[in-house]
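Asks: the amino acid sequence is not available; the structure is as follows:
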């Protein structure tokens, strides 16, 4: 994803943390929901293409002519990770042999962070488990609201609006009732 964001929008990955729950990636520019959706789509297309992830240790002379991303100047031997058609960066992390091993990439959220954006995401088994949980919840909500699963979000919006209208109506009816009873209005 970092390579795609850099290639399309020119933003750099300035922070990365792979925690036990989620992955966070910090970029030095702000991305809209639509842009993040497009990045996620392109990243998952690379996963589906199952392209090779290669690791190389180019000489200093080769590095000088090579186009790659790096957060900082690196002294000594540089390890280059290339994801065919997506990215080439200096990185010392653990990587898969082919992108298909990742299975799925899912962005959970994004928030402004230090003048840029922090993206929270999942991949692999955790992304699939998250999808399964959300799917089960969506099916349950749809069943309760007697709608198709793909209509659940709109049905919740309608229910919320109806709740707001009913609260206003109840407030007005209480006001009228207290007036008829000659009692002071209660909140």
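Replies: Done, it's in. Remember, predicted model here, so these are calculated numbers, not experimental data. Numbers count the residues shown, from 1 in each chain.

Asks: return the set of buried residues in the helix ranked longest in the chain.
Replies: Looking across the chain with DSSP state H, the single longest helix is helix 152-181. Using 16 or more other Cβ atoms under 10 Å as the test for burial, helix 152-181 gives 152, 155. Where you see a C-beta, it was placed from the backbone N, CA and C, and this is true even at glycine.

Asks: got it, and stretch 51-63?
Replies: Result for stretch 51-63 [16+ other Cβ under 10 Å]: buried residues 51, 53, 63.

Asks: which residues sit in contact with the first one?
Replies: Pointing back at residue 51 there. With contacts defined as Cβ atoms under 8 Å, 6 or more residues apart in numbering, residue 51 is in contact with 83, 84, 85, 86, 98, 99.

Asks: now, those residues that are in strands?
Replies: Among the contacts of residue 51, the residues falling in strands (DSSP state E) are residue 83.

Asks: residue 47: which of the contacts of residue 51 is nearest?
Replies: Among these, residue 99 lies closest to residue 47 (Cβ to Cβ), at 4.9 Å.

Asks: Three-state assignment for residue 17, please.
Replies: Classification of residue 17 by DSSP: H, G, I helix; E, B strand; the rest coil places it in strand.

Asks: that one reaches residue 24, doesn't it?
Replies: Yes: the criterion here is Cβ atoms under 8 Å, and residue 17 meets it with residue 24 at 4.9 Å.

Asks: so the residue nearest in space to the middle of the chain versus residue 169, what's the distance?
Replies: Nearest to the geometric centre of the chain sits residue 107, at 1.7 Å (Cα atoms, centre = their mean). In this view, residue 107 and residue 169 are 40 Å apart by Cβ to Cβ, to the nearest Å.

Asks: now swap in residue 31 and tell me
Replies: Residue 31 sits 42 Å away from residue 169, taking Cβ to Cβ as the criterion.
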